[in-house]
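*Asks:* can't give you the sequence, but here's the structure:
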């Protein structure tokens with residue numbers, strides 16, 4: 001199988017944005033030529049495929065890292081082939097198994113940790129354990145359906161060559177494994193090696209997770225959080241399995257939030273910067289916010305939520321609101337879905353989590369923009385219209401109230417946001433107050449129809 005089939009006019013895989021022919025093609029061709037010369041003329045058509053794959057990985061531009069020189073890789077490839085050929089000639093199954101085990105050890109390298117097989121996706125639905133290696137998995141991944149996995153595995157090997165450190169013996173093992181991956185007749189050795197590593201990590205991760213949860217009480221949730229994140233960094237495949245499994249369980253909770261059946265609200269300070277950003281960037285950010293089909297990307301508020309730092313204030317409040325909803329729910333199945341959503345947001349990290357956070361963030365912003373009056377009884381404070389959010393006196397009273405509750409950091413956040421964005425937001429609120437309110441209500445309505453941000 002020719003793994004990398006890049007046309008001259010295709011976008012370069014190094015993600016420079018340039019055409020392959022005007023970017024890395026010459027480097028790739030030079031690397032292939034150099035490796036071939038070092039290896040010598042005595043190699044098969046299958047060997048050429050390995051050389052071309054290795055040259056492709058070696059020739060792509062990259063910032064940082066320490067990709068070995070093509071000459072060195074060619075020399076190591078020759079030694080790797082000699083070692084594998086010796087093992088095959090003497091038909092030593094034990095030695096071949098030893099090479100497989102050596103490769104499994106290498107799969108613990110940072111850039112190789114994502115070469116894992118999602119065994120749970122192949123579960124037939126019967127009582128068989130998902131950790132049982134099945135020949136059918138290898139058969140599928142060895143066919144057309146496995147091409148994505150094969151290309152991703154080769155890319156991971158390229159990143160590992162660039163960023164991970166190797167001894168010469170380790171490098172020979174890696175190049176033997178690359179040959180297994182590239183050549184059709186030996187790919188099953190590569191796949192079985194990865195399957196075994198995947199299965200052993202899932203078992204180990206499950207046991208360690210049980211130990212973490214059993215060793216901490218309800219009052220030690222921060223310690224649980226820290227230890228689980230360390231576990232996920234150690235076993236990314238375990239986090240992927242949990243994420244895939246739990247993503248279905250959270251749908252009832254997400255649907256209830258989207259349809260307004262589960263009121264989720266957060267204090268103004270938790271979405272204050274996002275509220276100003278929406279007001280200030282009405283035309284370029286929100287005017288087409290929910291003209292998209294359900295499930296597509298939400299409006300681009302990442303800059304405010306993540307880079308701008310409001311996540312620090314929003315995340316604790318949204319999880320608190322969901323936790324309160326869990327305690328108040330009388331429906332066991334719905335409570336389970338809410339718990340799954342909390343677990344998904346607190347412990348797991350993937351693009352779906354980010355989309356859900358943006359969905360919840362935007363929804364909370366739109367509630368603050370569309371539902372008036374908003375009263376804070378303890379502060380004897382009322383925001384009766386959108387313009388009140390831009391009233392310096394009212395905002396200062398709100399900040400004073402937060403300070404009176406020993407929320408000094410939150411008060412400083414409100415003041416900083418008002419200083420940096422308040423004037424611009426005031427101008428838009430004066431000109432487009434009703435339009436912004438109507439648009440926020442339309443966004444909430446569109447969320448109700450789309451049901452899900454995933």
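*Replies:* Happy to help now that I have it. Note that this is a predicted model, so its numbers are computed, not measured.
*Asks:* Which residue, neighbours along the chain excluded, lies closest to the spatially most central residue of the chain?
*Replies:* Closest to where the C-alpha atoms of the chain average out (CA atoms, centre = their mean) is residue 350, at 3.0 Å. With CB to CB, 6 or more residues apart in numbering as the criterion, residue 350 has its nearest non-adjacent residue at 5.2 Å, and that residue is residue 243. Quick note: C-beta positions are derived from backbone N, CA and C, even for glycine.
*Asks:* Then residue 46?
*Replies:* Closest to residue 46 by CB to CB, 6+ apart is residue 183, at 4.8 Å.
*Asks:* What is the neighbour count of the one you found?
*Replies:* 19 (other CB atoms under 10 Å).
*Asks:* Double-check that the residue nearest to residue 350 belongs to a helix.
*Replies:* Yes: judged by DSSP: H, G, I helix; E, B strand; the rest coil, residue 243 forms part of a helix.
*Asks:* Surely it touches residue 345?
*Replies:* No: Residue 243 lies out of contact with residue 345 (CB atoms under 8 Å); the separation is 11.2 Å.
*Asks:* Only the buried residues of stretch 38-54, if you could.
*Replies:* 38-39, 43, 47, 49-54 (16 or more other CB atoms under 10 Å).
*Asks:* for it, how far is the first residue from the last?
*Replies:* One end of stretch 38-54 to the other measures 13 Å (CA to CA, to the nearest Å).
*Asks:* Please state the mean pLDDT value computed over it.
*Replies:* Averaged over stretch 38-54, pLDDT sits at 91.
*Asks:* try stretch 9-23
*Replies:* Throughout stretch 9-23, pLDDT has a mean value of 92.
*Asks:* For it, which outside residues touch it?
*Replies:* For stretch 9-23, contacts defined as CB atoms under 8 Å, 6 or more residues apart in numbering pick out 4, 6-8, 24-25, 60-62.
*Asks:* do stretch 384-397 as well
*Replies:* The contact list for stretch 384-397 (CB under 8 Å, 6+ apart) reads 268, 275-276, 279, 368-369, 372-373, 379, 381-383, 414-415, 418, 422, 425-426, 429-430, 433, 436-437.
*Asks:* ok, and for it, which residues are buried?
*Replies:* In stretch 384-397, counting by 16+ other CB under 10 Å, buried: 385-386, 388-391, 394-395.
*Asks:* Nearest to residue 177 among these?
*Replies:* Of all the buried residues of stretch 384-397, residue 177 sits closest to residue 389, with 58.7 Å by CB to CB.
*Asks:* just to revisit the earlier point, for the residue nearest to the centre of the chain, give me its contacts.
*Replies:* 239-240, 243.
*Asks:* Could you pick out the longest helix of the chain?
*Replies:* Ranked by number of residues, the top helix in the chain under DSSP state H is helix 408-450.
*Asks:* just how off-centre is that one within its chain?
*Replies:* Taking CA atoms, centre = their mean, to the nearest Å, one finds helix 408-450 lying 29 Å from the centre of the chain it belongs to.
*Asks:* cool, and stretch 41-48?
*Replies:* Distance, stretch centre to chain centre, for stretch 41-48: 39 Å (CA atoms, centre = their mean).
*Asks:* got it, and stretch 186-194?
*Replies:* 26 Å.
*Asks:* Please apply the same query to stretch 231-244.
*Replies:* Per CA atoms, centre = their mean, the displacement of stretch 231-244 from the mean C-alpha position of its chain is 11 Å.
*Asks:* Thank you, goodbye.
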